[in-house]
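Asker: 3D, please:
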Amino acid sequence: MIPAPMKLLMTSVAALSLVLLATACGSQKIDVASQNPMHAGALLFNQRCSGCHSLSYAAAYGSASNVRSAQYNNGPNFNVRCERPVDRVLYAIANGGFSGQIMPQNIVVGQQAREVAEFVATYSGRQAPSVPGAIKCDQQPVGTLLAANQTTAASPSSSTSSTTSTTTTTKQAAPAKGKKSK
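Answerer: Numbering: from 1, shown residues only. Below you'll find the model as predicted:
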């Protein structure tokens, strides 16, 4: 049987260890000032994305630290991976990443999705290694969100539709010239 003073000592040591362990957990804080417009996106990223993704500005460390020990659900480490422009990030949020296999679709929606997308596009890639010949992430444009009434694919489709309309106009103009020459 353990004497009472020894039990008290063991209990005290266990309690102190538990307190120290608990204070160490969650000691990381969001590194975006609360006055910064990006703070809401950082907070949402921490709450909704930190289980699978890393981005130190949001105190999120869910990516695998070593590729060899990664699990299938470890998402990209946005400390080193550049994600720009904003519309690309918004696409990934809406569609469950780019493969659509693991990340849930629409983990945030509406204005919250926009806030997360702007935050990720602004703060991602800041710790990326320098690669000769590659444009650094902070030198790439962050981009802006399209208006709510436009689709997220407006940029690519607008160039396609202008090409299509030009082609259509050209095809219509050719027979008209042929009729005049007869």
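
Asker: now the closest residue to Asp31 other than its chain neighbours: how far from Val108?
Answerer: Nearest residue to Asp31 in three dimensions, chain neighbours excluded: Tyr57, at 4.7 Å (C-beta to C-beta, 6 or more residues apart in numbering). The C-beta positions use only the backbone N, C-alpha and C, and glycine is treated the same way. Distance, Tyr57 to Val108, using C-beta to C-beta, to the nearest Å: 17 Å.

Asker: swap in Asn73?
Answerer: Taken as C-beta to C-beta, the span from Asn73 to Val108 is 18 Å.

Asker: out of those two, which sits in the busier spot?
Answerer: Val108 (20 against 12; other C-beta atoms under 10 Å).

Asker: that one reaches Leu44, doesn't it?
Answerer: Yes: Val108 lies in contact with Leu44 (C-beta atoms under 8 Å); the separation is 5.8 Å.

Asker: shaky segments in this protein?
Answerer: The chain contains residues with pLDDT under 70 at 1, 4-27, 145-182.

Asker: ranges for the strands of it?
Answerer: Taking DSSP state E as the test, the strands found in the chain are 54-55, 60-61.

Asker: which of those is buried the deepest?
Answerer: strand 54-55 (a mean of 26; mean count of other C-beta atoms under 10 Å).

Asker: would you map the helices across this structure?
Answerer: With DSSP state H as the definition, the chain shows helices at residue ranges 4-24, 39-48, 86-95, 110-123, 154-181.

Asker: what comes up buried for the second one?
Answerer: With burial defined by 16 or more other C-beta atoms under 10 Å, the residues of helix 39-48 counted as buried are His39, Ala40, Gly41, Ala42, Leu43, Leu44, Phe45, Asn46, Arg48.
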